[in-house]
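**Q** what follows is a predicted protein model with its sequence.
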Amino acid sequence: MMKIYKESLNSSSKKKQNNIRYTLILSSNKSTDNYQISFSKTTLITILFVAGFALILTLSGFVLAIWGFKMRVDNIKWRKQAVELTKQVEKQSVLEKEVVELQEIVKKLLAISSSMDSLKSDSTYDKEVLKNEKIMDNDTFEVIIEDIQSEKEIKSIPTLKPVRGYITRDFTGESHPGIDIAVPPGTEVKASADGIVRVAEDVGDLGLLVEIEHKLGFVTRYGHNSKLLVKKGDRVFQGDVIALSGNTGVSTGPHLHFEILKDGKPVNPNNYISE
C-alpha cells in the first residue's frame, strides 16, 4: 500500500507554500514494516520533469524504430523491383536480337521469291527445275527452296555484303542507283554472289570497276576500287575477294560503291544483303 501525506513545516502564510513537504509511505498488509520517503515540492517537480522527459525519449525511440523498420522493408521491395526490371531489360534485348535475325531471314526469302519470276526464261537452268510448274505458281517459300536444286544456285542471289562498313549514302533510285559503304583504302571487296566477271576496268566516274553477272537476272557492280584482282571472263563465287577498295574515279573519300541490278534495273541492295 502506498500513501502520500502533505505537511507544512512553517505556519507563516508567505513561506507555507515553499515549505510544503510530501511524505511517501510504503506499507504491506503482510508486514508491519513501513517505508517512508520525504521530499519537497521542488524535488517532486524535478522527478515529474525527468519522468516526462524519459517518457518522451521512449516514445521517440519507439517511433524511430518503427520508421527504421519501414525503411528496411521499402529497401527490400525496391531491390526486388530493380532485379525484376533488370530481367525485363535482358529479355527485351534478347527479343530484339531475335527480331533482327528474323528480319535477315525474311530478306533472303523475299529475294529468293522475287527471283523465281525469271526462272522460266533463264536458259542457264536445267528444265528439271521447272517440272512442277503448277506447284511453283503457289509462290510459297517451301516450294521455292525445293525447286532450287542446289546451294550453288541459291548463292547466285546477291545476299552477301561485299565489305563491312557504315553506309554513308543510301539507295535513291536513278540519282544514286546503289549504296556507298565507307571503308579504309585497301579493304578486301568480296563477291556478293556466284557469277561471271563481265567488266574489270577503269570506267571513269566509278573508277576501277568490277561488274559480275549472276543467274536469275542479277548483276552486281563494285566501284572506286584501288586495285582489281579479277579479269573479264573469270568465274567467281560468293565471298571471293575480287578487288581492294579505294578512292578512284569521281569520289569524295575512300569508300565502295555497290549496286544490284535485277533484269537491267537498279534495285535497293538493302533488300537483299545481310552482314
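**A** Looks like it came in fine.

**Q** could you find the closest non-adjacent residue to residue 266?
**A** The spatially closest residue to residue 266, leaving aside those adjacent along the chain, is residue 177, at 3.5 Å (CB to CB, 6 or more residues apart in numbering). Every C-beta, even on glycine, is put in place using the N, C-alpha and C of the backbone.

**Q** scan the chain for its longest helix.
**A** Counting by DSSP state H, the longest helix found in the chain is helix 41-115.

**Q** packing partners of that one?
**A** Using 3 or more CB pairs under 8 Å, 6 or more residues apart in numbering; DSSP states H and E as the contact criterion, the neighbours of helix 41-115 among helices and strands are strand 20-28, helix 141-147.

**Q** worst mean pLDDT among those?
**A** Taking the mean pLDDT of each of the helices and strands packed on helix 41-115, the lowest value is held by helix 141-147, a mean of 51.

**Q** the longest helix of the chain - what's its average pLDDT?
**A** Averaged across helix 41-115, the pLDDT comes to 81.

**Q** ok, now stretch 234-245?
**A** Across stretch 234-245, the average pLDDT comes to 95.

**Q** what sits up against that stretch?
**A** Defining contact as CB atoms under 8 Å, 6 or more residues apart in numbering, one finds that stretch 234-245 is touched by 155, 159-160, 163, 183-197, 200, 208, 210, 212, 222, 224-230, 254-256.

**Q** how far does it stretch from start to finish?
**A** End-to-end distance of stretch 234-245: 19 Å, with CA to CA, to the nearest Å as the criterion.

**Q** go through that stretch and flag the buried ones.
**A** Using 16 or more other CB atoms under 10 Å as the test for burial, stretch 234-245 gives 234, 236, 238, 240, 242, 243, 244, 245.

**Q** residue 192 versus the nearest residue to the third one once chain neighbours are set aside, what's the distance?
**A** Closest residue to residue 238 apart from its sequence neighbours, by CB to CB, 6+ apart: residue 155 at 4.4 Å. If you measure residue 155 against residue 192 using CB to CB, to the nearest Å, the figure is 10 Å.

**Q** of these two, who's got more company?
**A** residue 192 (27 against 20; other CB atoms under 10 Å).

**Q** pull the contacting residues for the more buried one.
**A** Residues in contact with residue 192 (CB under 8 Å, 6+ apart) are 158, 159, 160, 161, 162, 212, 220, 238, 258, 260, 272, 273.

**Q** against residue 41, how distant is it?
**A** When distance is defined by CB to CB, residue 192 is 107 Å away from residue 41.

**Q** now swap in residue 258 and tell me
**A** 105 Å.

**Q** could you do residue 66 as well?
**A** Residue 66 sits 38 Å away from residue 41 when distances are taken as CB to CB.

**Q** and the strands in the stretch 151-275 of the chain?
**A** Taking DSSP state E, counting those that start in this stretch as the criterion, the stretch 151-275 of the chain carries its strands at 166-169, 179-182, 188-190, 195-202, 208-213, 218-228, 235-236, 241-245, 255-262, 265-267.

**Q** so which of those is nearest residue 55?
**A** strand 166-169 (74.2 Å; CB to CB).

**Q** could you spell out the sheet neighbours of that closest one, each with its direction?
**A** Strand 166-169 has its sheet partners listed here by DSSP bridges as strand 179-182 (antiparallel).

**Q** please identify which of the buried residues of stretch 234-245 is nearest to residue 169.
**A** Closest approach between the buried residues of stretch 234-245 and residue 169, by CB to CB: residue 245, at 14.9 Å.

**Q** need the contact list for the nearest residue to the closest one once chain neighbours are set aside.
**A** Once its chain neighbours are removed from consideration, residue 245 has its nearest residue in residue 187; the separation is 4.3 Å (CB to CB, 6+ apart). Contact analysis of residue 187 by CB under 8 Å, 6+ apart lists 163, 165, 244, 245, 256.

**Q** my read: the first one touches residue 256, true?
**A** This means residue 163. Yes. Here residue 163 lies in contact with residue 256, judged by CB atoms under 8 Å, at a distance of 5.2 Å.
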